[in-house]
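A.B. asks: predicted structure and sequence below. I'll ask about it afterward.
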Amino acid sequence: MQTTSKSIPVSAAQALLKTLKEAFPVFLNSEPLSIGIDKQIIAKLPDVDRKVLRMTLAYHTKSTRYLQKLAKAETRFDLEGNPTDALNDTHRAYAVTMLKERAQKNAARIKEQAAFERQKKAEAEEAENAKKRAEKLNQLAMKFAK
């Protein structure tokens, strides 16, 4: 089981997120959440562990899907899906920046993977060529040994 540095099981946060998605469409649709949504959740689900809730909200609001919605949105929403306050440009810019950074990291990872695959293929070809050379040398040695 994975745990965070604060010893909260990741599975607890994932389970809570699943519950929130089932109970509140704003989570399922990854709509921009109103500021203070944690207080609304605690009012509706008083038995929720606050540390797990913080971890769940962090996990959800850092997801690519949420950031994509946040980058394009104009309004934040409460648990019922009602518009609350306008989304400010700073939060939209943060979402765009995070998405760009992820795209760059993903592109770098793909480039590294491709380089690794090319190197692996070149090594396999070199090994095959070395095997063929050894076989040829062996054949020549047998031919001249007669």
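C.D. replies: Thanks, I have the structure now. These numbers come from a predicted model, not from an experiment.
A.B. asks: D38 contacts L57, correct?
C.D. replies: Yes - using Cβ atoms under 8 Å, D38 is in contact with L57, at 6.2 Å. All C-beta atoms are positioned from the backbone trio N, CA, C, and that covers glycine.
A.B. asks: between the two, which one's more packed in?
C.D. replies: Using other Cβ atoms under 10 Å as the criterion, D38 and L57 rank with L57 on top: 19 against 15.
A.B. asks: max-length helix in this protein?
C.D. replies: helix 89-145 (DSSP state H).
A.B. asks: what is that helix packed up against?
C.D. replies: Using 3 or more Cβ pairs under 8 Å, 6 or more residues apart in numbering; DSSP states H and E, the elements in contact with helix 89-145 are helix 64-72.
A.B. asks: average pLDDT across the helix or strand following the helix it packs on?
C.D. replies: Proceeding N to C from helix 64-72, the next assigned helix or strand is strand 75-77, under DSSP states H and E. Averaged across strand 75-77, pLDDT comes to 96.
A.B. asks: in its sheet, which strands sit next to whichever helix or strand comes after strand 75-77, and in what direction?
C.D. replies: Remark: after strand 75-77, the chain's next helix or strand is strand 83-86, criterion DSSP H and E. Here strand 83-86 is paired, per DSSP bridges, with strand 75-77 (antiparallel).
A.B. asks: what about the chain, any weak spots by pLDDT?
C.D. replies: For the chain, applying pLDDT under 70 flags the ranges 1-8, 146.
A.B. asks: redo that, cut-off 80
C.D. replies: 1-9, 145-146 (pLDDT under 80).
A.B. asks: so how far is stretch 86-96 off the chain centroid?
C.D. replies: Distance of stretch 86-96 from its chain centroid, counting by Cα atoms, centre = their mean, to the nearest Å, is 20 Å.
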